[in-house]
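Peer 1: Quick one, structure for this:
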Amino acid sequence: MAAQTDTDITTDADFGTERRVIVSGSKTPITLHRPLREPKGRVVLLPGWSGTRAGPADLLVFLASRLAEAGWEALRLEMPGRGDDGNVFGNVAFDDMIATSVETTLYDGPLFILGLCSGGNVALGSASLVAGRSPRVEGLIAISTLPFQPARSKEFEQKRRWKNLKSYASKALAPNTWMRLLKGEINVDRVKKNVSAPEKPAAGERNLKDSARDIEKELLGWKGRGLFIWGSGDDEAALSRAHFEALHAAGMGAREKTAFHTVEGANHNFYARAWREELARKIVEFVNEG
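Peer 2: Just a heads-up that it's a prediction; the model follows:
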């Protein structure tokens, strides 16, 4: 578990099939799902770029509970500047998120890192840093993870803009959206940028979402186990899967113990119960493989 200080606040609750320990305060806030028996190891769960440790619609809570039921200690980690963390969101860069992840993966036992969307990129960046370390990361699970920013093609950027456009078009049909617009609660300039410009910043601007390292190059030397999962209903999934399959073919990950899976019909955040059940089943099977 992450180191605690005198200002940390710890609560412990029994949920019947697991115990949950919540640590908040000056250090990185975490929620630890503990199985009722001796744990097989630990899985660290990382949220997306702007998400909290609960995940979208509590997806990470759901997955952590399923892992605990299967005998794994599941640690949901708050990223700096998000949720209950006290840092400023706009001051936190991608490499800061990786540093937080690496600090929390100091665990003497079988360890996996699971990341959702950008959290998957953080997991990959963390795995490349701790390659060869003892204790080491056994493997990682990347869910709805996109190519690292320097590797994103024009076709990928077009897909991303089209996805944003469809999302905003859907929201435009909701009366609540127009009420928020009239109240000035919607950042119109940001909406315009999301549907008309690439995610990468203009020349000279700082890109918080990019790393100072060439992580994809470093990953060619990482030989851990990997599970990559997307939903077929995610517009960016097909290109993302092809990208990471190509990286694997070039040397990333264990040759015989890296798997790619697509959940039919699922969207980016796996909102439907059936999609989440399949997602959890694949993850539990993967960490139990040994």
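Peer 1: Would you indicate which residues of stretch 231-248 are buried?
Peer 2: Buried residues in stretch 231-248, counted by 16 or more other C-beta atoms under 10 Å: 231, 233-237, 239-241, 243-244, 247-248. Glycine gets a C-beta too; all of them are placed from N, C-alpha and C.
Peer 1: for the chain, what helix or strand is lowest in average pLDDT?
Peer 2: helix 188-196 (a mean of 48; mean pLDDT, DSSP states H and E).
Peer 1: next helix or strand past that one?
Peer 2: Once helix 188-196 ends, the next helix or strand along the chain (criterion: DSSP states H and E) is helix 215-219.
Peer 1: what's the closest non-adjacent residue to residue 63?
Peer 2: residue 280 (5.7 Å; C-beta to C-beta, 6 or more residues apart in numbering).
Peer 1: what pLDDT does residue 163 get?
Peer 2: Looking at residue 163, its pLDDT stands at 56.
Peer 1: Quick one: mean pLDDT for stretch 35-43?
Peer 2: Averaging pLDDT along stretch 35-43 gives 93.
Peer 1: Let me fix that, I meant to ask about stretch 231-241.
Peer 2: Stretch 231-241 comes out at a mean pLDDT of 94.
Peer 1: Which parts of the stretch 151-290 of the chain are helices?
Peer 2: Along the stretch 151-290 of the chain, counting by DSSP state H, counting those that start in this stretch, helices occupy 154-172, 175-182, 188-196, 215-219, 237-250, 273-288.
Peer 1: Buried ones in the fourth one, by neighbour count?
Peer 2: I take that to be helix 215-219. Neighbour-count burial for helix 215-219, with 16+ other C-beta under 10 Å as criterion, is recorded at 215-216, 218-219.
Peer 1: on contacts alone, who are the packing partners of it?
Peer 2: Packing partners of helix 215-219 (3 or more C-beta pairs under 8 Å, 6 or more residues apart in numbering; DSSP states H and E): helix 118-129.
Peer 1: Quick check: neighbours of whichever helix or strand comes after the helix it packs on in the sheet, parallel or antiparallel?
Peer 2: Going down the chain from helix 118-129, the next helix or strand is strand 139-143, by DSSP H and E. Paired strands of strand 139-143, with direction, are strand 111-116 (parallel), strand 225-231 (parallel) (DSSP bridges).
Peer 1: picking that back up, which of the helices of the stretch 151-290 of the chain has the lowest mean pLDDT?
Peer 2: helix 188-196 - the lowest mean pLDDT of the helices of the stretch 151-290 of the chain, at a mean of 48.
Peer 1: domain parsing for the chain?
Peer 2: As assigned by automatic domain parsing, the chain contains the domains 9-152+213-288, 153-199.
Peer 1: Can you tell me which of these is most buried?
Peer 2: Ranked by mean neighbour count, those are led by domain 9-152+213-288 with a mean of 19 (mean count of other C-beta atoms under 10 Å).
Peer 1: chain center to that one, what's the gap?
Peer 2: 5 Å (C-alpha atoms, centre = their mean, to the nearest Å).
Peer 1: what's near enough to touch residue 127?
Peer 2: By C-beta atoms under 8 Å, 6 or more residues apart in numbering, the residues touching residue 127 are 113, 137, 140, 219, 222, 224.
Peer 1: Could I get those residues in a markdown table, plus columns for distance to residue 263?
Peer 2: Listed next are the contacts of residue 127 as a markdown table, based on distance: C-beta to C-beta, whole Å:
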| residue | distance to residue 263 |
| --- | --- |
| 113 | 20 |
| 137 | 24 |
| 140 | 18 |
| 219 | 24 |
| 222 | 25 |
| 224 | 23 |
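Peer 1: Hmm, which of those residues is lowest in pLDDT?
Peer 2: Across those, the bottom pLDDT score, 80, is held by residue 137.
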